[in-house]
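Peer 1: 3D model of this:
(chains A and B)
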Amino acid sequence: MAKWIKIAGGAVVLAAIGAGGWAWTSLNTSRSGVADDSVALADFTSDDAEAVARGEYVMRMGDCAACHTRGQGDFAGGYEIPTPFGTLVSSNITPDRDTGIGGMTERDFFDALRQGIGQHGFLYPAMPYTAYAKLTDGDMHDLWAYMSTVAPVSNDIDENGGMAFPYNIRLAMAGWDMLFFSNSGFEPEAGESEAWNRGKYIVDGGGHCSACHSPRNALGAEVAAAYLEGGSLGDWSAPDLTQNPHVGLGGSTAEDIAAYLRKGSDGVAVAAGPMAEAVEHSLQYLTEEDALAVGTYLVSLPASDTPAPEGADVASLPHAALDYEVNCSACHGLSGEGITGMVPAFAGNKGLLGDPTNLIHAMLKGARAPHTHEVQTAAGMPSFAWKLSDERIAELLDYVRNSWGNAAAAVPASSVAEMRASLDAREPMANPAQ
Amino acid sequence: MNRREALFSLGSMAAAGSLGSAAAAAELKGFPAQTAMSADHLPVPAKTGGGFRVLTGETEQKTVKAVFDRLIPADANGPSASEAGCLEFLDDQLAGEYGAGKALYLEGPLKPENEEAIMGAPQFLTSPRERYEAGLKALEAYAQENDGAAFHALSPDRIDEILAGLEAGEIDLGEGVNGQAFFELMLQNVREGYLADPLYGGNRGMAGWKMIGFPGARYDYRPYVDRRGEDLALAPVSLIPLD
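Peer 2: Have a look, this model is predicted:
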């Protein structure tokens, strides 16, 4: 990110604080009033087995482990999240009194999860409290019950030690919250079905889908006007989930989406990268009904206005057809048909026709499909960094994105080169002078 | 080899084996998330540009070329071995782990008669690099002694005659060089150079593959398996794209 954006960004945040927004509704914690404020987590273990089980479901849906479990013990934190403002480290959320959240009461926990107010002050929105704000009181009570059963782990974390001034000042996040945080619970739409409302609740709340699938502005806030129209995650990108017929889910049914979430594949696309992780650790645990509800909601989203890509000319590509047959067709099929549930098809796989980041990433580093209860193969995409040059990779991607009925913008070889450097992927080997 | 010696040699082999495997053992659980290949799983292309690294002597190079180009001469079917890069291939192989005999057991004790009987072929304590060094020297000495000329300067017919004599085990190249085995080593290497993937320096322009109709390093032949008896006219491809 350009330096001036950082500086300008800091100025906006500090100015917002200066404007005296203390009474602003974004900081009002009265919603947490339903929670107990007397017993600390370290002093209590729930004996309500059903509440604990329901809480575990909420935990899976929220994918707390994705960020809070990173080789230092279950929920013991330590995951480093690079942000444009410096490195943030996820907290230890085990009931350990000194280094975890053992000292929190249920009310403190509600404040942290739904309002972004943690033990050390305002939380950075890398912790998706902007989405968890939608969690119902019931789900929150259950989650609290579950957290009380987690084994305490002593692991001291300095969350914002790696953030640069002024972003290491938590108070600044008060201004951010004022600007971007909607402090309100989930409101069902009266005119919509129960499934639709349940779907929206999961997408906007626990599932925090927009954390990845919505674009963010220079200050790291989701752009509401482009809700679920696709977001960049740096070296991955989350595609458009609206009904856009060119690059979105136009043409997908609620059942297709439910299958994708629970098995990692709808028979055409196969989840890769961060989505494979989300499926493996979180979404495969959704009940069939909940997964269908998410599908029902997503297929109701109006199409984004991203126009049909112009397309690139495949016939003039000198190497692609042979390169594809020789290197790719064994798995992806001679007609781009893939292998159902294991290897993504290219024909009709619209998620691959927008931002090419994921395709380049998969080519350079390979990818591993999720391992789920129902689909256990976890098929692998090999890395081709060692054998294919930037130009050959770009050409191949143009080929798969513009064959079998597809149309997508050409991928510049320079994008492949940039990503080869940023991912620290191997340089291609050269054949000796022939 | 008597019983005690046999047991001793088995024991020392086992000891060497177990030491090696303990150090290399790695335990894998589940499946690896990363699919990028680690360096030791990737092919190592021939080094180019720096000239020969093992066959540095002019006579050595000319002798190998003379032998190789009689084993695979240029004709209507394709270029000669040297035109196809077999010398560069051989030099690169000899400079690397193959030349050093990394995959060979090169330590004593050795009872050549017994080992040869067990293995069904002559066994050596020397690496391929050392065998070429000694073999080429002996070949040149043989030509100087019997023909009064350098080996590479002999007529094709005479070279064929010597090679045939070596192959039949009728020519003695002297102390420490098994002429028949050296012939076989050169024959094996020239074939490898002519037919291995061009990334190893030989098979230039995939001439070897074009000659025998081998389509190269393709991942999958399912589209073709049922098309028997047809000329598929498949263009050969190298593991690393050539153009």
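Peer 1: From here on, just use CA atoms for contacts and neighbour counts.
Peer 2: Fine.
Peer 1: residue ranges for the helices of chain B, please.
Peer 2: When secondary structure is read from DSSP state H, chain B shows helices at B:3-24, B:58-71, B:86-95, B:97-100, B:112-119, B:128-147, B:156-167, B:179-195, B:207-212.
Peer 1: out of those helices, deepest packed?
Peer 2: For these, average neighbour numbers computed from mean count of other Cα atoms under 10 Å in any protein chain shown are highest in helix B:86-95, which has a mean of 24.
Peer 1: Please name every helix or strand in contact with that helix.
Peer 2: Helices and strands touching helix B:86-95, as assessed by 3 or more Cα pairs under 8 Å, 6 or more residues apart in numbering or on different chains; DSSP states H and E, comprise helix B:58-71, helix B:128-147, helix B:179-195.
Peer 1: List the residues that contact the residue most central in space within chain B.
Peer 2: Among the residues of chain B, B:N189 comes closest to the average C-alpha position under Cα atoms, centre = their mean, at 3.3 Å. For B:N189, the contacting residues are B:L90, by Cα atoms under 8 Å, 6 or more residues apart in numbering or on different chains.
Peer 1: now it: how far from chain A?
Peer 2: B:N189 sits 18 Å away from chain A, going by Cα to the nearest Cα, to the nearest Å.
Peer 1: Relative to B:N178, how far out is that residue?
Peer 2: Relative to B:N178, B:N189 is positioned 16 Å away (criterion: Cα to Cα, to the nearest Å).
Peer 1: Could you point out the helix or strand that follows the least confident helix or strand in chain A by mean pLDDT?
Peer 2: Evaluated with mean pLDDT, DSSP states H and E, the helix-and-strand set of chain A has its lowest mean pLDDT in helix A:3-18, which scores a mean of 40. Scanning the chain past helix A:3-18 towards its C-terminal end, the next helix or strand to appear is helix A:49-62 (assignment: DSSP states H and E).
Peer 1: Which other helices and strands does that following helix contact?
Peer 2: The criterion is 3+ Cα pairs under 8 Å, 6+ apart, and the helices and strands that helix A:49-62 contacts are helix A:137-147.
Peer 1: Partner strands of the helix or strand following the helix it packs on and their direction?
Peer 2: Scanning forward in sequence from helix A:137-147 by DSSP H and E, the next helix or strand is strand A:162-163. The sheet places strand A:162-163 alongside strand A:86-89 (antiparallel), with pairing taken from DSSP bridges.
Peer 1: For the partner strand, list the C-alpha coordinates in CSV.
Peer 2: Extracted in CSV, the C-alpha atoms of strand A:86-89 (Å, rounded to 0.1, in the frame of the first residue of the first chain):
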residue,chain,number,x,y,z
GLY,A,86,1.4,-3.9,10.4
THR,A,87,1.3,-7.4,11.8
LEU,A,88,-1.5,-8.2,14.2
VAL,A,89,-1.4,-11.4,16.3
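Peer 1: circling back to that earlier point, just so I know, which of the helices of chain B lies nearest A:C328?
Peer 2: Minimum separation from A:C328 across those (Cα to Cα) falls at helix B:207-212, 21.9 Å.
Peer 1: Quick one: list the elements packing against the closest one.
Peer 2: Using 3+ Cα pairs under 8 Å, 6+ apart as the contact criterion, the elements in contact with helix B:207-212 are helix B:179-195.
Peer 1: repeat that with 6 Å
Peer 2: Judged by 3 or more Cα pairs under 6 Å, 6 or more residues apart in numbering or on different chains; DSSP states H and E, helix B:207-212 has no packing partners among the helices and strands.
Peer 1: residues in contact with that helix?
Peer 2: For helix B:207-212, the external contacting residues (Cα atoms under 6 Å, 6 or more residues apart in numbering or on different chains) are B:194-195.
Peer 1: what's the average pLDDT for that helix?
Peer 2: Here helix B:207-212 scores 95 as its mean pLDDT.
Peer 1: now it, how far from the chain's geometric center?
Peer 2: When C-alpha coordinates are averaged (Cα atoms, centre = their mean, to the nearest Å), helix B:207-212 and its chain have centres 18 Å apart.
Peer 1: Just the C-alphas of that helix, formatted as CSV.
Peer 2: Coordinates of the C-alpha atoms in helix B:207-212 are reproduced here as CSV (Å, rounded to 0.1, in the frame of the first residue of the first chain):
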residue,chain,number,x,y,z
ALA,B,207,15.9,-36.1,-32.4
GLY,B,208,16.0,-39.4,-30.5
TRP,B,209,12.3,-39.3,-29.7
LYS,B,210,11.4,-38.2,-33.3
MET,B,211,13.4,-41.2,-34.6
ILE,B,212,11.6,-43.8,-32.5
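Peer 1: What ranges does chain A have for its strands?
Peer 2: Secondary structure of chain A (DSSP state E): strands located at A:80-83, A:86-89, A:117-118, A:121-122, A:162-163, A:231-232, A:237-238, A:367-368, A:380-381.
Peer 1: What parts of chain B come near chain A?
Peer 2: B:35-36, B:48, B:199, B:201, B:204, B:218-220, B:240 (Cα under 6 Å from any Cα of the partner chain).
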